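*Asks:* this is a predicted model, with the sequence first.
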Amino acid sequence: MIFAAAAVLTACNKNVIKDPEGMGSFSLDLSYEGEYKTKVSIPEVNVDEFKITLERPADGYVKVYEFSELRSQIENEGGVPLVPGHYTITAASPENAPAAFEQPIFEGSSSFDVKTGEVSSVTIVCTLQNMMVTIEPTTSFTNELIDYTVVIDNGIGTLIWTKADVEKGLAGYFTVAPLHIHVDGFRYIDDKAPAAVFDGDITNVAAKDHHIITLDAVNTGAVGGIEIKVDYTTNDIFSNFEVPGFPEVGVPGGDNGLGGDDPEDPEITVEGLELLWPANPTLGQYPLKGAYNEGEVDLFIDAKNGIVGFVVKISSPTEAFVSEVKNIPGASMENGAVVLDLLNAETAAAMTFLPTGDQIRNKTYVEFPLGELLPMITFFGPATGSVHTFEMVVTDGAGQVMSHKLEFKYN
């Protein structure tokens, strides 16, 4: 991922509503600002088109202006009289579709009191309210694929990127809601039907996030043997998706049918990111019990660059336990495992037996006790000899991903 200099938007206009006799007035300083660390610039925003909503809660008074209209009325008519009292004022972008290309949404508000014979100074800073999504294919992806489409929706709006859209750096904007991604890839040797398809979800979302979706095609060693990897990045979230790729075309020889033996998984090392379990330093299979001694199943995450992503994937043959865990708000299913995103606000608000949310976000050292969670499995009567797996996937601020599968056997 390549980040260019930050793009910063600022604009400012100031007007004064004058003071007719016996009335009050206010000055309005309206600006907008936003920042993304990205090579894609944010479209210019015309503050004159912002919608201004002025309200006096005491009696339900509401007046809506376009900022240019408000400024014109002030300049041409000598001011807008206001009854003394308490007011709220909101400024917002004129367009607010749930999904649209090149449509950042800005909004800001303030409250103030109008007093007879005085000018009340009011400042509104409109900040970004939606999320930006850009697509960045790698060279290997574009070399292997003749065409592709990327479809993203947030449940209330959908955007479709063609290959040409991606090549020109088209940015999509979505109101804040979980995003679903669908990718169809067409290879050069057979462009009639998608040779690889990807579906994934982004659930940890917030205003001002920039989700960068990287598309990568990896040659698997056979003609047409390609898979797609999707990696998306926000300002504080890093996650990886691996997608089944093109059907492999085997050749004689080797256990894998591709002319060679199955390669061993390459060793992946990370620096400054470690899972520690003092009672079980090898992280080997551990007995599942109804209760543990204090500290026996306390884990520790040492993340020198801070924790920006923490997902736990729970697999268990005890269906009643799985059913209970998947009812946790924000939980999802992946290949039969319950996936808990511990930075998901909905999950964090509901969970009490694991550290979540701000307890781990950006922390460099976190205690992660399993003493309350593991005994829950025994409550549901696991079968003798059954193995229950907890996969810990931690991402740090440098984009490194650490994954460990911890197995607990019930005897």
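*Replies:* That came in fine, so what should we check first?
*Asks:* part of a helix, is Ala398?
*Replies:* No - applying DSSP: H, G, I helix; E, B strand; the rest coil, one finds Ala398 to be coil, outside a helix.
*Asks:* residue boundaries of the helices in the stretch 151-300 of the chain?
*Replies:* 163-167 (DSSP state H, counting those that start in this stretch).
*Asks:* shaky segments in it?
*Replies:* Along the stretch 151-300 of the chain, segments meeting pLDDT under 70 span 188-195, 217-269.
*Asks:* flag every buried residue along the particular helix or strand that has Thr123 in it.
*Replies:* Using DSSP states H and E, Thr123 sits in strand 119-128. For strand 119-128, a neighbour-count test (16 or more other C-beta atoms under 10 Å) marks Ser120, Val122, Ile124, Val125, Cys126, Leu128 as buried. C-beta: built from backbone N, CA, C; applies to glycine.
*Asks:* ok, so of these, who is nearest Pro137?
*Replies:* Nearest to Pro137 out of those is Leu128 (C-beta to C-beta; 25.6 Å).
*Asks:* that closest one and Ala206 touch, don't they?
*Replies:* No - Leu128 is beyond contact range of Ala206, at 10.5 Å (criterion: C-beta atoms under 8 Å).
*Asks:* still on that earlier bit, show me what the strand holding Thr123 is packed up against.
*Replies:* With contacts defined as 3 or more C-beta pairs under 8 Å, 6 or more residues apart in numbering; DSSP states H and E, strand 119-128 has these neighbours: strand 25-36, strand 85-92, strand 106-114.
*Asks:* could you check the angle strand 106-114 makes with it?
*Replies:* Angle of strand 119-128 versus strand 106-114, following axes from the mean of the first three to the mean of the last three C-alpha atoms, to 10 degrees, is 160 degrees.
*Asks:* direction included, what does strand 119-128 pair against?
*Replies:* Neighbouring strands of strand 119-128 in its sheet, by DSSP bridges, are strand 25-36 (parallel), strand 106-114 (antiparallel).
*Asks:* give me the distance between that strand and the centre of its chain.
*Replies:* In terms of C-alpha atoms, centre = their mean, to the nearest Å, the centre of strand 119-128 is found 29 Å from the chain centre.
*Asks:* same check on stretch 85-105?
*Replies:* Distance, stretch centre to chain centre, for stretch 85-105: 21 Å (C-alpha atoms, centre = their mean).
*Asks:* do stretch 293-308 as well
*Replies:* Offset of stretch 293-308 from its chain centre (C-alpha atoms, centre = their mean): 24 Å.
*Asks:* what comes up buried for it?
*Replies:* For stretch 293-308, the neighbour count (16+ other C-beta under 10 Å) marks Glu296, Val297, Asp298, Leu299, Ile301, Ala303, Asn305, Gly306, Ile307, Val308 as buried.
*Asks:* nearest to Glu102, of these?
*Replies:* For the buried residues of stretch 293-308, the nearest to Glu102 is Val308 (27.7 Å; C-beta to C-beta).
*Asks:* before we move on, back to that, can I get the buried residues of stretch 293-308 in CSV including distance to Ala350?
*Replies:* Conversion of those to CSV gives the following (distance: C-beta to C-beta, whole Å):
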residue, distance to Ala350
Glu296, 26
Val297, 22
Asp298, 22
Leu299, 21
Ile301, 21
Ala303, 24
Asn305, 28
Gly306, 24
Ile307, 20
Val308, 21
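*Asks:* for stretch 332-348, measure first residue to last.
*Replies:* By C-alpha to C-alpha, to the nearest Å, the extent of stretch 332-348 from end to end equals 14 Å.
*Asks:* where along the stretch 51-200 of the chain do the strands fall?
*Replies:* 51-56, 61-66, 85-92, 99-101, 106-114, 119-128, 131-137, 145-153, 158-161, 172-174, 179-187, 196-202 (DSSP state E, counting those that start in this stretch).
*Asks:* deepest in the core, which of those is it.
*Replies:* Stretch with highest mean neighbour count among those: strand 172-174 (a mean of 27; mean count of other C-beta atoms under 10 Å).
*Asks:* that one pairs with which strands, parallel or anti?
*Replies:* Here strand 172-174 has these sheet partners by DSSP bridges: strand 99-101 (antiparallel), strand 131-137 (antiparallel).
*Asks:* nearest approach to Asp48 belongs to which of those strands?
*Replies:* Nearest of the strands paired with strand 172-174 (C-beta to C-beta): strand 99-101, 20.1 Å.
*Asks:* got a list of contacts for the closest one?
*Replies:* Here strand 99-101 makes contact (C-beta atoms under 8 Å, 6 or more residues apart in numbering) with 152-154, 156-159, 170-175.
*Asks:* again, but for stretch 59-69
*Replies:* With C-beta under 8 Å, 6+ apart as the contact definition, stretch 59-69 has outside contacts at 13, 30, 47-56, 73, 83, 85, 91, 94.
*Asks:* so what's the gap between it and the chain middle?
*Replies:* Centroid displacement of stretch 59-69 relative to its chain, using C-alpha atoms, centre = their mean, is 35 Å.
*Asks:* cool, and stretch 198-210?
*Replies:* 3 Å.
*Asks:* that one spans what distance, first to last residue?
*Replies:* Stretch 198-210 stretches 20 Å from its first residue to its last (C-alpha to C-alpha).
*Asks:* what does stretch 370-377 give?
*Replies:* This stretch, stretch 370-377, spans 12 Å end to end (C-alpha to C-alpha).
*Asks:* need the contact partners of that stretch.
*Replies:* The contact list for stretch 370-377 (C-beta under 8 Å, 6+ apart) reads 288-292, 294, 296-299, 316, 318, 321, 324, 353-354, 388, 390, 408, 410.
*Asks:* from those, which land in strands?
*Replies:* Within the contacts of stretch 370-377, residues falling in strands by DSSP state E are Asp298, Leu299, His388, Phe390, Phe408.
*Asks:* weakest of the strands paired with strand 119-128 by average pLDDT?
*Replies:* Among the strands paired with strand 119-128, strand 25-36 carries the lowest mean pLDDT, at a mean of 55.
*Asks:* now the helices for the stretch 301-411 of the chain?
*Replies:* All helices of the stretch 301-411 of the chain, identified by DSSP H, counting those that start in this stretch, fall at 319-325, 345-350, 374-379.
*Asks:* still on that earlier bit, okay if I get the strands of the stretch 51-200 of the chain as JSON lines plus distance to Ile360?
*Replies:* Putting these into JSON lines (distance: least, C-beta to C-beta, whole Å) gives the following:
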{"stretch": "strand 51-56", "distance to Ile360": "39"}
{"stretch": "strand 61-66", "distance to Ile360": "43"}
{"stretch": "strand 85-92", "distance to Ile360": "34"}
{"stretch": "strand 99-101", "distance to Ile360": "31"}
{"stretch": "strand 106-114", "distance to Ile360": "30"}
{"stretch": "strand 119-128", "distance to Ile360": "25"}
{"stretch": "strand 131-137", "distance to Ile360": "22"}
{"stretch": "strand 145-153", "distance to Ile360": "28"}
{"stretch": "strand 158-161", "distance to Ile360": "32"}
{"stretch": "strand 172-174", "distance to Ile360": "26"}
{"stretch": "strand 179-187", "distance to Ile360": "22"}
{"stretch": "strand 196-202", "distance to Ile360": "19"}
